[in-house]
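1. can't give you the sequence, but here's the structure:
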């Protein structure tokens, strides 16, 4: 049963892609459904697989030998990943309903866009599923690379200038990240002669340059996780991508970087070297810097999806800090990781529902306004830790830190949660400013509502080890909840202060424009050299043409004498013969 479900989870997306191609070429335009039930079901086998139980597979025929596993970490990760992919697919059916109508009416551009999305959506899902269950390097890297590059089609879908810019930033950073990951894997695997992720972890612990191996892998996975400095694709890609694509990008694909860290770093290993501990401290600082800096920059954005993108960077900064604790304080990791997985799962569903909510506010359903905006606010309130699963997930990471005497980090994370509350408040305000009426498709609303419920009730359906997560004591509620009202108050105060600057905002992408400027400046000498080389080439070509023209002139004059030579050949031969005879006679007399 387990093997059958595993096979379906990995092969079903291929079947979905084949079905989409078949329908495209064998169905009339008017009957072509790009988001059929087959397409919606791409993630269902993976979702079922997460709840069947733990298992291990060894595949000798797979690449260099496959090691796949469902364990206490990969099962909950696969569960929230497959669930969000499923809900986002249903949301996409409603989101693209008008575009599908255009395609059915004969719009060739819409047909190409929807066919591309119908093919690359399940392919991206396939890569995401494979990297979660993989325990060997080849499978993990293959899944990660497939997911990364197939997702380009999700970002660039609309083809607008903004979409092309976001996709360009995404692709450039993706290539950089893949190179770093590949370099880190080759180095660490070569040092230990291993093909498994477990071997990579052991290699990083024992190798002389283990800290540098860890740095390469951390930076490579950090591109996807939105680590500070490598985060710039997120606020550029999200506003341009369709809402369902943004939901999976920020909900689960960004978590692939987090899972990569957990898979390759020797977290909780008490034999880590001083260099690795120091690296963990730098990672901790980078995570906290991202948590605060993204919040301070994101509140000035005007596009609600850009605000939510900075919220994702801030939240991932908190998770980065928690990952770093596995290197800085290994003894806390066994207690901390279940809370971190719950934190990641809740963030995935909450952020997914917030991004879906941006499409709801763009096409307001005909419901009472207080109900609509109350539902739109619920995932954000939970994300800040004030209610439901948000409160439980915050306690799930704070309790181990308190127990292991890391109260200072708890305080910093609480202050960072203020930024989360401020960002979701600003995002809702921007949605209110940019709201449009007209009614949402039932599939949009249905998937959005289910995502909200799943986000609020995450601990009830996530298959975490029994007893690993507990409700916070009542006396701790105030300490968990207070960042939310503080963040809302700060957002309101900021709005009042910046009101005179209405219409002005900081550019989304922040450091991207700095990078672009530096790259452009660095290209100036290359452009000068290229221009000089072009001039030299032109001069060389002109000189060669002139020499050729001169040579051809001489040759032409020589050829012009050919008729005269042909006419006087006999006479010239007689003269030559007389001269030779005279020469011979003269030599004989000598």
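-> Cool, got the structure. The structure presented is a predicted model; accordingly, all values stated were derived computationally and were not measured. Numbering: from 1, shown residues only.
2. so how far is residue 428 from the residue nearest the centre of the chain?
-> In the chain, the residue lying closest to the centroid (Cα atoms, centre = their mean) is residue 224, at 4.8 Å. Going from residue 224 to residue 428 by Cβ to Cβ, to the nearest Å gives 27 Å. C-betas here are computed from N, CA, C, even on glycine.
3. return the per-residue confidence for the residue nearest to the centre of the chain.
-> pLDDT for residue 224: 90.
4. before we move on, what about residue 96?
-> 92.
5. burial of it, as a residue count?
-> Residues near residue 96, counting by other Cβ atoms under 10 Å, number 25.
6. which phi and psi does it have?
-> phi -100, psi 20 (degrees, to the nearest 10).
7. going forward can the numbers begin at 53, since that is how I track them
-> In the new numbering, first residue 53, that becomes residue 148.
8. isn't it up against residue 166?
-> Yes: the pair residue 148 and residue 166 qualifies as a contact (Cβ atoms under 8 Å) at a distance of 6.6 Å.
9. what residues do the two have in common as contacts?
-> Shared contacts of residue 148 and residue 166, defined by Cβ atoms under 8 Å, 6 or more residues apart in numbering, are found at residue 86.
10. circling back to that earlier point, look up phi and psi at the residue nearest to the residue nearest to the centre of the chain when sequence neighbours are not counted.
-> Leaving out its chain neighbours, the residue that sits closest to residue 276 by Cβ to Cβ, 6 or more residues apart in numbering is residue 309, at 3.5 Å. When read as degrees, to the nearest 10, the backbone of residue 309 gives phi -70, psi -40.
11. domain boundaries for this structure, per the record?
-> Per automatic domain parsing, the structural domains of the chain span 54-561, 569-641.
12. now the helices for the stretch 353-502 of the chain?
-> 356-380, 385-414, 421-435, 440-455, 459-485, 494-508 (DSSP state H, counting those that start in this stretch).
13. with mean neighbour count, distance to residue 515 and mean pLDDT added, can I get the ones you listed in JSON lines?
-> Converted to JSON lines, the helices of the stretch 353-502 of the chain look like this (neighbours: other Cβ atoms under 10 Å; distance: least, Cβ to Cβ, whole Å; pLDDT from 0 to 100):
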{"stretch": "helix 356-380", "mean neighbour count": "27", "distance to residue 515": "20", "mean pLDDT": "93"}
{"stretch": "helix 385-414", "mean neighbour count": "26", "distance to residue 515": "10", "mean pLDDT": "93"}
{"stretch": "helix 421-435", "mean neighbour count": "20", "distance to residue 515": "20", "mean pLDDT": "92"}
{"stretch": "helix 440-455", "mean neighbour count": "23", "distance to residue 515": "15", "mean pLDDT": "91"}
{"stretch": "helix 459-485", "mean neighbour count": "21", "distance to residue 515": "26", "mean pLDDT": "91"}
{"stretch": "helix 494-508", "mean neighbour count": "22", "distance to residue 515": "14", "mean pLDDT": "94"}
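14. and residue 333, which of those is closest to it?
-> Across the helices of the stretch 353-502 of the chain, residue 333 has its closest neighbour in helix 356-380 (5.8 Å, Cβ to Cβ).
15. and the closest one, what does it pack onto?
-> helix 262-277, helix 285-292, helix 295-300, helix 306-316, helix 326-350, helix 385-414, helix 459-485 (3 or more Cβ pairs under 8 Å, 6 or more residues apart in numbering; DSSP states H and E).
16. what does the average pLDDT come to for the second one?
-> I take that to be helix 285-292. 88.
17. hang on, the earlier thing: would you convert the helices and strands packed on helix 356-380 into CSV that also reports distance to residue 595?
-> Below are the helices and strands packed on helix 356-380 laid out as CSV (distance: least, Cβ to Cβ, whole Å):
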stretch, distance to residue 595
helix 262-277, 49
helix 285-292, 48
helix 295-300, 56
helix 306-316, 56
helix 326-350, 56
helix 385-414, 62
helix 459-485, 63
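18. so which of the ones you listed comes closest to residue 570?
-> helix 285-292 (16.6 Å).
19. now do that closest one: which elements does it pack against?
-> Counting by 3+ Cβ pairs under 8 Å, 6+ apart, helix 285-292 packs on helix 213-244, helix 356-380.
20. including distance to residue 537, could the ones you listed go into a markdown table?
-> Formatted as a markdown table, the entries for the helices and strands packed on helix 285-292 read as follows, by distance: least, Cβ to Cβ, whole Å:
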| stretch | distance to residue 537 |
| --- | --- |
| helix 213-244 | 34 |
| helix 356-380 | 17 |
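21. mind checking which of those helices is nearest residue 316?
-> Among these, helix 213-244 sits nearest to residue 316 (Cβ to Cβ), with 7.6 Å.
22. specify the angle between that closest one and helix 285-292 in degrees.
-> 140 degrees (axes from the mean of the first three to the mean of the last three Cα atoms, to 10 degrees).
23. following the chain onward from helix 213-244, which element is next?
-> On the C-terminal side of helix 213-244, the nearest following helix or strand under DSSP states H and E is helix 249-258.
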